[in-house]
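# let me see the structure of the following:
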Amino acid sequence: MIKPLNLPNKLSLFRIFLVPLLVALIITKYSSLLAATVFGLAMLTDWLDGYIARTTNQITTLGKLLDPVADKLLVCAALISLVGTSKVPAWIVVIIIGRELAITGLRAVAASQAEIIAAGSLGKYKTTVQAIAIVMLILNIPPWDMVVLWLALILTLVSGVDYFIKFAQKIEL
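Residues are numbered from 1 along each chain as shown. Next up is the predicted model:
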């Protein structure tokens, strides 16, 4: 029997379903304000699903895996779309996505050994700064949009190293 999804997991799925809309809004340049609003709403669901899961004891293994995948899809799709509009250098996006794919791979390896490595505080700061940078880039707020993007890039790399260290401590290599 299939159990119904809890609210936090439904919010993560909703975030995934917002990705195509966000991409369409960014690449068509229909409305930067609407695109930023959709992205902001999606990021709000990220905070909300975590808050609900923790405060109502609805943390699930599916949620621990689905939430970061939804976040990565959203951020990566937004950044790739922004490359397409020439607002972000492609090499920065390649580094950010490379880190995200590497961490997703490590999560899969950890899960195969019955280990779940939850996002740490550095990863949460990284996600927050990435979100701020993406909103600023969508709204075209130079030079601060690039300053915040550089900060996001640094946090992306530092949190990636931190995750690799946690992985190596938990998993027999």
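
# what about the chain, any weak spots by pLDDT?
Along the chain, the parts satisfying pLDDT under 70 run over 1, 173.

# next, the contact list for the most centrally placed residue in the chain, please.
Nearest to the mean C-alpha position of the chain, by Cα atoms, centre = their mean, lies residue 71 at 2.8 Å. Counting by Cβ atoms under 8 Å, 6 or more residues apart in numbering, residue 71 touches 15, 46, 127. Heads up, the C-betas are built off the backbone N, CA and C, glycines and all.

# change it to 6 Å
With contacts defined as Cβ atoms under 6 Å, 6 or more residues apart in numbering, the neighbours of residue 71 are residue 46.

# pull the CA atoms of the helix or strand harbouring it into CSV?
Per DSSP states H and E: residue 71 is located in helix 61-84. Written as CSV, here are the backbone C-alpha positions of helix 61-84 (Å, rounded to 0.1, in the frame of the first residue of the first chain):
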residue,chain,number,x,y,z
THR,A,61,13.8,9.6,4.5
LEU,A,62,12.0,10.6,1.3
GLY,A,63,12.0,14.2,2.5
LYS,A,64,15.7,14.1,3.3
LEU,A,65,16.4,13.1,-0.2
LEU,A,66,13.7,14.9,-2.1
ASP,A,67,14.2,18.4,-0.5
PRO,A,68,17.9,18.8,-1.6
VAL,A,69,17.0,17.4,-5.1
ALA,A,70,14.2,20.0,-5.4
ASP,A,71,16.6,22.8,-4.3
LYS,A,72,19.3,21.7,-6.7
LEU,A,73,16.8,21.5,-9.6
LEU,A,74,15.5,25.0,-8.9
VAL,A,75,18.9,26.7,-8.4
CYS,A,76,20.5,24.9,-11.3
ALA,A,77,17.6,25.6,-13.7
ALA,A,78,17.6,29.3,-12.7
LEU,A,79,21.4,29.6,-13.1
ILE,A,80,21.4,27.8,-16.5
SER,A,81,18.6,30.1,-17.7
LEU,A,82,20.5,33.1,-16.5
VAL,A,83,23.5,32.0,-18.5
GLY,A,84,21.2,31.8,-21.5
